[in-house]
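Q: Whatever this is, show me its structure:
(one chain, ligands or ions: 2)
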Amino acid sequence: MPDADKIIDLKAYPIHTPGPARDAILARVRADLADDGCAVIKGFLTQEGVAALTAEADSVAAQGHRSFSRTNAYFTQDDPDLPANDPRRRFYDRSNAFIPADNFAPGAPLRSVYDFPGFDDFIRECLQETAFFRYADPLADVIVNMAEEGNGFPWHFDTNNFTVTLAIQNAESGGAFEYAPGIREGDENFDEVSRVLDGTSERVKVLELEPGDLQLFRGRYSLHRVAPLRGKRRRYVAIFSYVQEPGMVGAPERTMQLYGRTLPIHHQRAGQRGDAYID
Ligand SMILES: O=C(O)CCC(=O)C(=O)O
Ligand SMILES: [Fe+2]
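A: Ligands and ions are numbered 1, 2, ... in the order given. Presented below is the predicted three-dimensional model:
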């Protein structure tokens, strides 16, 4: 079906055409990333694009793999030697479902964004990353994160240097993206992290993303979460993954946990190099 130019708003965002319009977008995104590690390209998708990606996500939602965990913001184990109120000892339920990448066919709406000529280069230039490759993992290169009321994506720091997400559908309410920019730049800043967890920090910014918005986020130093979701409608967010070395795929154990299955490539490449996680 759809041509990428019907899905991406290329009139507003001519990411494929070198020139002053593209340069201006890059300059603004880079400035926002430098300022607080987060940049949003509002209305990156057309209305038609939003409808097409929503329909595609609906059509494969049953393939989503649900996972549940109890996690702190650092994805570490509990350490009983630390004081009880240490942020490393504060655990929250995390639950969501990832729709694995092989449910999104080449030529179908989601991959026509990811595969659009110039999309990768545009993202790389926004981020100014030198080592920048598509994730080679057929279950994880582009996925949809699906969540509904009762699910939660609690406060955490990412292990990846950056995340590229595309809002597809919001829950009926809730689901704002909340983040404390640069809260652990320099040092762990556990006191301020505790205040964020307590809901008393003044450093938290709230971002209401709308369907079709593209977000670039550096989450390694900025504590962030998705606020609790309300209502029947599911929240869908696509996640595009890029890594620092070519040919990388997820470790078998982690792949099993996130996607509920593995492919031969995960076992063939296991141990050859480090793996990359999307969170
Ligand atoms: O679903 C989102 O908006 C972002 C989730 C997130 O923080 C992550 O995937 O690390
Ligand atoms: Fe994250």
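
Q: Pull up the residues of the protein that are close to ligand 2.
A: With C-beta under 5 Å from the ion as the criterion, the chain comes near ligand 2 at residues 158, 219. In short, each C-beta sits where N, CA and C put it, glycine included.

Q: any idea which residue of the chain is furthest from its center?
A: For the chain, the residue at maximal distance from the C-alpha centroid (C-alpha atoms, centre = their mean) is residue 81, at 33.0 Å.

Q: could you pull out the strands for the stretch 1-150 of the chain?
A: Under the criterion DSSP state E, counting those that start in this stretch, the stretch 1-150 of the chain contains strands at 38-41, 65-71, 92-99, 133-134, 142-147.

Q: related to what we said a few turns ago, against ligand 1, how distant is the residue farthest from the centre of the chain?
A: 28 Å (C-beta to the nearest ligand atom, to the nearest Å).

Q: What separation is there between that residue and residue 70?
A: Noted for residue 81: a distance of 19 Å to residue 70, by C-beta to C-beta, to the nearest Å.

Q: same check, this time on residue 171
A: 22 Å.

Q: Of the two, which one has the most company?
A: It is residue 171, of residue 171 and residue 70, that has more neighbours when counted by other C-beta atoms under 10 Å, with 21 against 11.

Q: residues in contact with the more buried one?
A: Going by C-beta atoms under 8 Å, 6 or more residues apart in numbering, residue 171 touches 147, 148, 149, 229, 230, 231, 233, 234, 235.

Q: ditto for residue 110
A: Here residue 110 is in contact with 53, 56, 57, 104, 142, 144, 238 (C-beta under 8 Å, 6+ apart).

Q: Mind doing that once more with 6 Å?
A: Residues in contact with residue 110 (C-beta atoms under 6 Å, 6 or more residues apart in numbering) are 53, 56, 104, 238.

Q: which of the residues you listed come close to ligand 1?
A: The overlap between those and the neighbours of ligand 1 (C-beta under 6 Å from any ligand atom) is empty.

Q: Could you check the strand or helix carrying residue 167 against ligand 1 for contacts?
A: In this assignment (DSSP states H and E), residue 167 forms part of strand 163-169. Yes. Interface with ligand 1: strand 163-169 contributes 163, 165 (C-beta under 6 Å from any ligand atom).

Q: Look up the closest residue to residue 123, ignoring the ones flanking it.
A: Leaving aside its chain neighbours, residue 123 sits nearest to residue 164 (5.8 Å; criterion: C-beta to C-beta, 6 or more residues apart in numbering).

Q: bridging residues for that neighbour?
A: Residue 164 forms beta bridges with residue 216, residue 240, as assigned by DSSP bridges.
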